[in-house]
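Q: Just need the structure, nothing else, for what follows:
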Amino acid sequence: MDTTPTTRTSAGARAAGLLTDKVALITGAGRGIGAAAARLFAREGARVLLAARTQTQLKTVAEEIHAEGGTAEYAVCDLSDARSVRAAVDRCVHLFGRLDIAFNNGATIQRPGPMDRMVEADFDHIYDVNLKGVWLAMVAEIAAIRTTAGTGAIVNNSSVGSLMGNPELPAYGAMKRAVNSLTESAAVTYGPEGIRVNAIAPGYTATEMISTWEKGSPGLRERLTTHTPLRRAADPQEIAQAAAWLLSDRSSYVTGAVLRVDGGARA
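A: The predicted model follows:
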């Protein structure tokens, strides 16, 4: 059976796209920033492989992209499982022939509270997904880029919560800070091969994660709005736009950066 996806847009229609002819892999693509990135990258001309744990969400996003004339497939993926991560990257290469760019967006949340009230199992889970999962994805993606496209770009989704002390989300902030370090180390290591690695550090963004945190820490939205000079939350697409630029050829001399996309909150 031929598993090659059908491109639903003409070459002319895609010519002006920021990511025209790129093959992209996005983790955490079932909702929030990841889903927004999937839609945006497809509109900008990329063929996208969506990866996340929930098949129904992935299917919905893929169908939305198809309806808009884009090309998308998906793979159910558990970021804490090395074989699952490798299988998602392998599926991308199998379907599209190569991997050019990747947005490592997938993450899990922490119940707000001080570190001494956090149980060890929860800490381990956040480590497995938010740090080890990014490392697993980067290792697989770099190997795929190297052996197929030759050169490419990776963006890791961090957080402004990684840039300072984070008493409400200490483990989450710690893992994201470690992601920044992995990003910088990878940029230095793989830059000579033509593989750029950057991170974005979103601030207050209107996602399901924020809604969940609000339940555990009432008044969170109001506090975040007060500390954001633009006095509002980001739309997930605004965060996706930053990732798209860093993955595009227009940022060809940018690597090792951790770009704040926070409405001025850390200015």
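Q: ok, residue 234 - how many residues close by?
A: 22 (other C-beta atoms under 10 Å). For the C-beta atoms, the positions are set from N, CA and C on the backbone; glycine is no exception.
Q: any idea how far it is from residue 52?
A: 21 Å (C-beta to C-beta, to the nearest Å).
Q: Over to residue 259?
A: Applying C-beta to C-beta, the value for residue 259 to residue 52 is 23 Å.
Q: Looking at these two, which one has more neighbours?
A: residue 52 (26 against 18).
Q: Return the set of residues that bridge with that one.
A: Judged by DSSP bridges, the bridge partners of residue 52 are residue 76.
Q: Then residue 155?
A: Here residue 155, judged by DSSP bridges, has bridge partners residue 103, residue 198.
Q: Cross-check the contact I'm expecting between it and residue 103.
A: Yes. Using C-beta atoms under 8 Å, residue 155 is in contact with residue 103, at 5.1 Å.
Q: So which of these two has more stuff around it?
A: Set residue 155 next to residue 103 and count neighbours by other C-beta under 10 Å: residue 103 wins out with 30 against 27.
Q: So that one sits against residue 25, correct?
A: Yes. Counting by C-beta under 8 Å, residue 25 is a contact partner of residue 103 at 7.4 Å.
Q: Just give me the residue closest to the centre of the chain.
A: Geometric centre of the chain, nearest residue: residue 105, 2.1 Å, by C-alpha atoms, centre = their mean.
Q: Pull the contacting residues for that one.
A: By C-beta atoms under 8 Å, 6 or more residues apart in numbering, the residues touching residue 105 are 26, 27, 28, 29, 33, 34, 37, 157, 243.
Q: Return the subset of these lying in strands.
A: Residues of the contacts of residue 105 located in strands (DSSP state E): 26, 27, 157.
Q: Neighbour-wise, which one of those residues leads?
A: Going by other C-beta under 10 Å, residue 26 tops these with 35 neighbours.
Q: For beta bridges, what are the partners of it?
A: Assigned bridge partners for residue 26, using DSSP bridges, are residue 50, residue 103.
Q: Please list all residues in contact with it.
A: 34, 37, 38, 41, 48, 49, 50, 51, 102, 103, 105.
Q: one more time with 7 Å, if that's ok
A: Residue 26 makes contact with 34, 37, 38, 41, 48, 50, 51, 103, 105, according to C-beta atoms under 7 Å, 6 or more residues apart in numbering.
Q: Where does the prediction get shaky in the stretch 151-267 of the chain?
A: 216 (pLDDT under 70).
Q: what separates the residue nearest to the centre of the chain from residue 167, distance-wise?
A: Residue 105 is 25 Å from residue 167, by C-beta to C-beta.
Q: these two touch, right, residue 261 and residue 198?
A: No. Residue 261 is beyond contact range of residue 198, at 11.7 Å (criterion: C-beta atoms under 7 Å).
Q: Those two: which is more packed in?
A: For residue 261 versus residue 198, neighbours defined as other C-beta under 10 Å are more numerous around residue 198 (25 against 19).
Q: which other helices and strands contact the longest helix belonging to the chain?
A: If you go by DSSP state H, the chain has its longest helix at helix 170-190. Helix 170-190 makes packing contacts with helix 120-126, helix 133-147, strand 195-202 when contacts are defined by 3 or more C-beta pairs under 7 Å, 6 or more residues apart in numbering; DSSP states H and E.
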